[in-house]
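Novice: show me how the following folds:
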Amino acid sequence: MFQPRRSLWVALAALIASLVVAPPAPAAAAPLTITDFESDGVPAGVFAWGNDAASTPALTIVPGADRPDAPATNRALTSVYAISQWGGWSHEFTATQDWSPYEGFSFWVKGAGSGQKVFFEVKDGGGGPGTAELFESSFTDDTAGWRKVEVPFASFTRRTDYQPGGAPTDGELDLVAMWGYAMRLPTASGTLTWDEVQLYGTAPPRPVRLSASEPVYPVDEKGRAEVGVTITTAGGAPLTADLAVDYRTGTGTATPGTDYTAAQGTLTFPAGTASGSTRTFTVGTLRDNRNEMAETIPIELSGAGTRPPAEPPVVVINAHGLPYLNARKPVKERVADLLSRMTPEEKIGQMTQAERGALAKQSDIAGYALGSLLSGGGSTPPRNTPEAWADMIDAFQLQTRQTRLQVPLIYGVDAVHGHNNVVGATIFPHNIGLGAARDPGLVEQAGKITAREVKATGIPWNFAPCLCVSRDDRWGRVYESFGEDPALVTRMATAVDGLQDNGVLATAKHYVGDGGTAYGSSTTGDYTIDQGVTKVGRQELEEIHLAPFEEAVRRGVATVMPSFSSVDFGDGPLKMHAHDELINGTLKGRLGFKGFVVSDWQAIDQIPGDYASDVRTSINAGLDMIMVPYAYPQFTAALKAEVEAGRVPMARVDDAVSRILTQKFRLGLFERPYADRSRLGDVGSAAHRAVARKAAAKSQVLLKNEGGLLPLRRDAKVYVAGSNADDIGNQSGGWTISWQGSSGPITPGTTILSAVRSRAASTTYSRDASAGLAGHDVGVVVVGETPYAEGQGDVGRAGRTLELSAADRAAVEKVCGAMKCAVLVVSGRPMSLGDLPGVEAVVASWLPGTEGDGVADPLFGAVPYTGRLPFSWFRSVEQIPVNVGDASYDPLFPYGWGLRTDRARDRLKAARDELARGDGSSKAAAVTLTFALTGRNWQADGSVRDTRAVLGALGVAAALLERSKSDSFAVGDAVVSVARDVAQAAGKRPDLQASADHELASGDLSEAVELLARAIR
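Specialist: Presented below is the predicted three-dimensional model:
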């Protein structure tokens, strides 16, 4: 009876539908041409790049009339390439473009049918093309000739192998603020020609995006999670109609009714609701009276016309009642309990360290049970502030809460001269300057301040200090070393205490011998010495390169990082990351290192063999954590396979994980995984900068001072010139805000010029000395290097030399030819000076950091010059390498050289007064110095008159101090410095002067005085 009626309605509906005219589909937008190459030369913004000069493609504009449908006058871009590691070309915009109206990205390419895969990417959002989030696609060069590549934006995926520092991390291709695109060419040789880069099609309607206020909501038993749901419209406009968002608790590891109360409902957002608005609902948990691991409750969100989060938010009931969570238990017991609960996958995750920008999605932290993340040089949050760093790292830690065991991450960063990735942080002199200061206490204080600034941003681990003993000034990492003398570097291991006594793990790097690599031995790109081979006997390696690491282990350093370089004991080079003898045998065995060994950046990939072999060899050689940094899925899979095959014993894995967990427990990360923001205001504070200023002042080495030109008078009219006078980036060097550093005002600070201006009666500044020279009392020419890091600073790479630039040389000649002048050398190593005719004073200013006032303080006499050379200053580049202890030793200025501008007698009096408060030996030394301080032994200017009497007393006092238990290195240094003044004035025997400074650093004060006395004879 009802069936005919139903059929009638169906027919009627069909008839009505046939009478209604459907709205026409929107017409496809006309293609928008981004780049057409119709120019005489390579268009502005288009440039090539590569890992070295040979890998940088050659770009030229060529005729392209053979392209299908092209006019006879058409032009195209040809890229000829021969790439060893990476290379390609980019087109970067000066302002963002909105690509959201279009469906996809297209271009013409003329290939050779090589079968090679070619990746291309687009640059989305961020503060500029260098800090945009990268989304990629690819095509295969399978056609000999022209073809058109069209890829919908929906098919682009976020790059997982690399993201630039400061790039957004939302994983969404928004398209509204695009900075350009790039073509990444194959690791091969070939030619590809490009044309007509365009946007095509019309974008489909964009749904309202749903997001949760947090990705993870940790809550205890019998707690409540307040889940916020935010709506975001495509264009940011208010809703045009009511929007209903349904929510419900899904299926996780927690049990509804036992662990929590299931929740379900609808959140309503009325028409007119602003984009970005949030509504909340609550999920309540229950108590089941059991001690257990964490349990999860996923939240499902949906609604018509919406796009739910790519990953559902999750409520987590925290792990509770388990022994490893009990902070009152000994660390060893906690480690054993936790290790016993871990699966092989969870153990392997703890051994994995990924770069923050490599995460395909943040939940991979939990998905792979990652033990660690890092920020490589310049890898920063999009908003580079201390608060943003804390927010970023807390967000990463939050992801660990959804794992069964809730093991926190340990986040690492290269804070090698302050928290140097962070804009506004205190930037200290690089290690070369701290070595020149000869003050272990100051090094410890710098470590303490660095630790406080690092920890304030949520980071508990620093990849510092570098304890390399650099033996060749051509190395691009010289400035990372405290000096060429192992005794000096060993003294400066106090940096470990400064960091670790203030809650941040230190890393002794790069173990071992990286400072001894031979020039020309590198096999990395176009590096000439970095990551090369140290050919050495075991005894020499022990005495020169191993000694500082032995001291770091004695001080309890928590982590050690092997070097990229190789060691060759005479039977061929072996990569340090594969060196079982030196890692398992020496470091963990004989030296008794109890911390964990972490690899350097992607360094296991340099071990000969396939990837499985790299993993197996490095782990069995004693590495505990591998800095992947991008290939965390491949690494975890490879290590799991090696363990299952028995090629990596589970006992080796358990040892590695135990070492890592021990440090996490000792840091208190299980109780306090998030940033302590109470000290955020200290980052870059005036008090911290005052210490950096002091360090910069003490690092200044006065090499030459004819006529006592320095210090300058405050009433002087000063002419300032040179490339490094007014440049924060240059005076800070590499590893500052970005990996390589850069010139310019990259972070707040005081340039040397502004410091001079604040002191001199009047100042004229002319970078190239083109301004008038008349009417000035003195010139200050600040010359030197531009920033670099690691092998990119190797001499011989890309034309880099140790010579001053032609512009700096010209500035010196102009200024110093017209007036008395001082030349300040701002550099990461000694540079070729020659005679510098007409120059009265020369100062090695090194890389002083952000506090240019520290350079000006001794320049104008606010404090004396006290620094000494941590490296022998060569006469000519042909003399390199030249080091203290060489059989033939005649540098321009010897190791330990440094003229002082304080009075020797006053210095000795201060030392005598301090020793008088010490133990018996110190008091006896004080009595001896009292006799030496007799007035007849001294000139009116405070210098030594009776050399024999004073040096004899110094020798006796030095011998007594070697038996003292109360004197400091600083007091002994002051006593020996008086003998050094006399030796430097005599200008004889640079070899003995250098050896004396080595003996002083070694603790043999009497031998140091004896050598200086012999240098005078």
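
Novice: and the spatially most central residue of the chain, how far from residue 52?
Specialist: In the chain, the C-alpha nearest the mean C-alpha coordinate belongs to residue 377, at 2.8 Å (Cα atoms, centre = their mean). Using Cβ to Cβ, to the nearest Å, we find residue 377 at a distance of 18 Å from residue 52. For every residue, glycine as well, the C-beta is placed using N, CA and C.

Novice: repeat for residue 565
Specialist: 18 Å.

Novice: show me which of those two is the more surrounded one.
Specialist: residue 565 (30 against 19; other Cβ atoms under 10 Å).

Novice: now for the host helix or strand of residue 182, which elements pack on it?
Specialist: Using DSSP states H and E, residue 182 falls within strand 178-184. Packing partners of strand 178-184 (3 or more Cβ pairs under 8 Å, 6 or more residues apart in numbering; DSSP states H and E): strand 87-97, strand 117-124, strand 189-200.

Novice: what sits up against the helix or strand following the last one?
Specialist: Same thing as strand 189-200. Toward the C-terminal end, the helix or strand that comes next after strand 189-200 (DSSP H and E) is strand 208-212. By Cβ atoms under 8 Å, 6 or more residues apart in numbering, the residues outside strand 208-212 that reach it are 172, 227-234, 239, 243, 245, 299, 301, 303, 305-309, 313.

Novice: show me where the stretch 501-650 of the chain has strands.
Specialist: Along the stretch 501-650 of the chain, counting by DSSP state E, counting those that start in this stretch, strands occupy 507-511, 533-535, 559-562, 566-568, 574-575, 596-597, 626-627.

Novice: of all the ones you listed, which lies closest to residue 215?
Specialist: strand 626-627 (25.1 Å; Cβ to Cβ).

Novice: partners of the closest one, with directions?
Specialist: Strand 626-627 has these partner strands in its sheet, going by DSSP bridges: strand 352-355 (parallel).

Novice: who are the packing partners of the very next helix or strand once past the partner strand?
Specialist: The helix or strand immediately downstream of strand 352-355 is helix 364-367, counting by DSSP H and E. When contacts are defined as 3+ Cβ pairs under 8 Å, 6+ apart, helix 364-367 sits against helix 386-400.

Novice: as CSV, could you dump the C-alpha coordinates of the helix it packs on?
Specialist: C-alpha atoms of helix 386-400 as CSV (Å, rounded to 0.1, in the frame of the first residue of the first chain):
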residue,chain,number,x,y,z
PRO,A,386,64.4,33.0,25.1
GLU,A,387,60.6,32.6,25.7
ALA,A,388,60.1,31.0,22.3
TRP,A,389,62.9,28.5,23.0
ALA,A,390,61.3,27.5,26.3
ASP,A,391,57.9,27.1,24.6
MET,A,392,59.4,25.0,21.8
ILE,A,393,61.3,22.6,24.1
ASP,A,394,58.4,22.3,26.5
ALA,A,395,56.2,21.3,23.5
PHE,A,396,58.7,18.6,22.6
GLN,A,397,58.8,17.4,26.2
LEU,A,398,55.0,17.3,26.2
GLN,A,399,55.1,14.7,23.4
THR,A,400,57.0,12.3,25.6
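
Novice: list the buried residues of it.
Specialist: Neighbour counts over helix 386-400 (16 or more other Cβ atoms under 10 Å) mark 386, 388-393, 395-400 as buried.

Novice: repeat that for stretch 236-251.
Specialist: 239, 243, 245, 247, 249.

Novice: contact partners of it?
Specialist: 208, 210, 227, 229, 231, 233, 256, 260, 262-276, 279, 281, 283, 297-306, 312, 315.

Novice: so for it, mean pLDDT?
Specialist: In this model, stretch 236-251 has a mean pLDDT of 96.

Novice: quick check: end-to-end length of it?
Specialist: With Cα to Cα, to the nearest Å as the measure, stretch 236-251 spans 33 Å from end to end.

Novice: now do stretch 45-62
Specialist: Across stretch 45-62, the terminal residues are separated by 18 Å (Cα to Cα).

Novice: and it, average pLDDT?
Specialist: Averaging pLDDT along stretch 45-62 yields 95.

Novice: that one: which residues count as buried?
Specialist: Under the neighbour-count criterion of 16+ other Cβ under 10 Å, stretch 45-62 has 46, 48, 50-52, 55-57, 59, 61 buried.

Novice: just the buried residues of stretch 236-251 now: which is nearest residue 812?
Specialist: Top of the list for closeness to residue 812, among those and by Cβ to Cβ, is residue 239 at 67.4 Å.

Novice: confirm the closest one sits in a helix?
Specialist: No - counting by DSSP: H, G, I helix; E, B strand; the rest coil, residue 239 is not part of a helix but coil.

Novice: which SS state does the closest residue to it other than its chain neighbours fall under?
Specialist: Among residues not flanking residue 239 along the chain, residue 273 sits closest, at 4.7 Å (Cβ to Cβ, 6 or more residues apart in numbering). At residue 273 the chain is in coil, as set by three-state DSSP.

Novice: buried ones among the contacts of stretch 236-251?
Specialist: Buried, going by 16+ other Cβ under 10 Å: 208, 210, 227, 229, 231, 233, 260, 263, 267, 269, 273, 275, 279, 281, 283, 297-299, 301, 303, 306, 315, out of the contacts of stretch 236-251.

Novice: one step back: which one of the helices and strands packed on strand 178-184 lies nearest to residue 500?
Specialist: If we rank those by Cβ to Cβ, the stretch that ends up nearest is strand 117-124, at 40.3 Å.

Novice: tell me the first helix or strand C-terminal of that closest one.
Specialist: Toward the C-terminus, strand 117-124 is succeeded by strand 133-140 as the next helix or strand (DSSP H and E).

Novice: what angle do strand 117-124 and that next one make with each other?
Specialist: Angle of strand 133-140 versus strand 117-124, following axes from the mean of the first three to the mean of the last three Cα atoms, to 10 degrees, is 150 degrees.

Novice: tilt between strand 133-140 and strand 178-184?
Specialist: Interaxial angle, strand 133-140 versus strand 178-184 (the same axes, to 10 degrees): 40 degrees.

Novice: so what touches strand 133-140?
Specialist: Taking Cβ under 8 Å, 6+ apart as the rule, strand 133-140 contacts 105, 109, 115-126, 149, 151, 155-159, 162-164, 167-171, 173.

Novice: next one: stretch 794-805
Specialist: 52-53, 473-476, 519, 522, 526-530, 723, 783-784, 788, 791-793, 812, 829-833, 877, 880.

Novice: got the CA coordinates for that stretch in CSV?
Specialist: C-alpha atoms of stretch 794-805 as CSV (Å, rounded to 0.1, in the frame of the first residue of the first chain):
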residue,chain,number,x,y,z
ASP,A,794,89.9,25.9,6.3
VAL,A,795,92.6,27.8,4.5
GLY,A,796,92.6,26.8,0.9
ARG,A,797,88.9,26.3,0.8
ALA,A,798,87.0,28.7,-1.6
GLY,A,799,90.1,31.0,-1.6
ARG,A,800,90.3,31.5,2.1
THR,A,801,93.7,32.6,3.3
LEU,A,802,95.4,33.9,6.5
GLU,A,803,96.1,37.2,4.8
LEU,A,804,94.4,40.5,5.7
SER,A,805,92.0,41.6,2.9
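
Novice: in it, what counts as buried?
Specialist: For stretch 794-805, by 16+ other Cβ under 10 Å, it's 794-795, 797, 800, 802, 804.

Novice: of all those, which comes closest to residue 292?
Specialist: residue 794 (55.3 Å).

Novice: let's see the pLDDT reported for that closest one.
Specialist: pLDDT, residue 794: 98.
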